[in-house]
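**Student:** Okay, here's the prediction I keep looking at, along with the sequence it came from:
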Amino acid sequence: MQKIWEEKRNDQLSDLLYEMGESLGFDFDKVHIKKAGYFPKAYADQETEQKYIRSQLVDVFLGKKSIPMSIVYFPSDDEALKTQKELHCLMKEHFEGKRSIPVTIKDEVNGKL
């Protein structure tokens, strides 16, 4: 079905190009137009770009290349940053031996300390 549609499309394009050429004063033979083919530069450019994109994506999928990224905006919450900074300071003090972690031992049976 696809092949039939493609042939029909090519026939119609050849007819259109023939009529356009004739109206502009060119003397082209329909058979020549059909056999010589017509491939606009935009089609060639598009085909080249698609081949390039496909080849680059294959390299990404195979792990040969990566997609470059740069972060231009990173949302932040002032309260979250303040809390994170406090936690970082407390952890640093603990690891430097300046602060100990409070521990409570509870008797599970009697509920006493």
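**Tutor:** Structure's in. What do you need?

**Student:** What ranges in this structure fall below the confidence cut-off?
**Tutor:** For the chain, the stretches with pLDDT under 70 are 37-38, 111-113.

**Student:** give me that answer again for 80
**Tutor:** Along the chain, the parts satisfying pLDDT under 80 run over 1, 36-40, 109-113.

**Student:** All the helices of it, in order from the start?
**Tutor:** Here the chain has its helices, by DSSP state H, at 2-23, 30-36, 41-61, 78-95.

**Student:** Present the ones you listed as CSV; the columns should include distance to Asn110 and mean neighbour count.
**Tutor:** Every residue, glycine included, has its C-beta placed from N, CA and C. Listed next are the helices of the chain as CSV, based on distance: least, CB to CB, whole Å; neighbours: other CB atoms under 10 Å:
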stretch, distance to Asn110, mean neighbour count
helix 2-23, 84, 12
helix 30-36, 100, 13
helix 41-61, 64, 10
helix 78-95, 31, 10
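
**Student:** Of these, which is nearest Met69?
**Tutor:** In terms of CB to CB, the element of the helices of the chain nearest to Met69 is helix 41-61, at 12.3 Å.

**Student:** Output that closest one as PDB, nothing but the C-alphas.
**Tutor:** Extracted in PDB, the C-alpha atoms of helix 41-61 (Å, rounded to 0.1, in the frame of the first residue of the first chain):
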ATOM      1  CA  LYS A  41      17.100  21.400  -1.100                       C
ATOM      2  CA  ALA A  42      14.800  21.600   2.000                       C
ATOM      3  CA  TYR A  43      14.200  17.900   1.700                       C
ATOM      4  CA  ALA A  44      17.900  17.200   1.400                       C
ATOM      5  CA  ASP A  45      18.700  19.400   4.400                       C
ATOM      6  CA  GLN A  46      16.000  17.700   6.400                       C
ATOM      7  CA  GLU A  47      17.300  14.300   5.500                       C
ATOM      8  CA  THR A  48      20.800  15.300   6.500                       C
ATOM      9  CA  GLU A  49      19.700  16.700   9.800                       C
ATOM     10  CA  GLN A  50      17.600  13.600  10.600                       C
ATOM     11  CA  LYS A  51      20.500  11.300   9.900                       C
ATOM     12  CA  TYR A  52      22.800  13.400  12.100                       C
ATOM     13  CA  ILE A  53      20.200  13.500  15.000                       C
ATOM     14  CA  ARG A  54      19.700   9.700  14.700                       C
ATOM     15  CA  SER A  55      23.500   9.000  14.800                       C
ATOM     16  CA  GLN A  56      24.000  11.300  17.800                       C
ATOM     17  CA  LEU A  57      21.100   9.700  19.700                       C
ATOM     18  CA  VAL A  58      22.500   6.200  19.000                       C
ATOM     19  CA  ASP A  59      25.800   7.300  20.500                       C
ATOM     20  CA  VAL A  60      24.000   8.600  23.600                       C
ATOM     21  CA  PHE A  61      22.000   5.400  23.900                       C
END
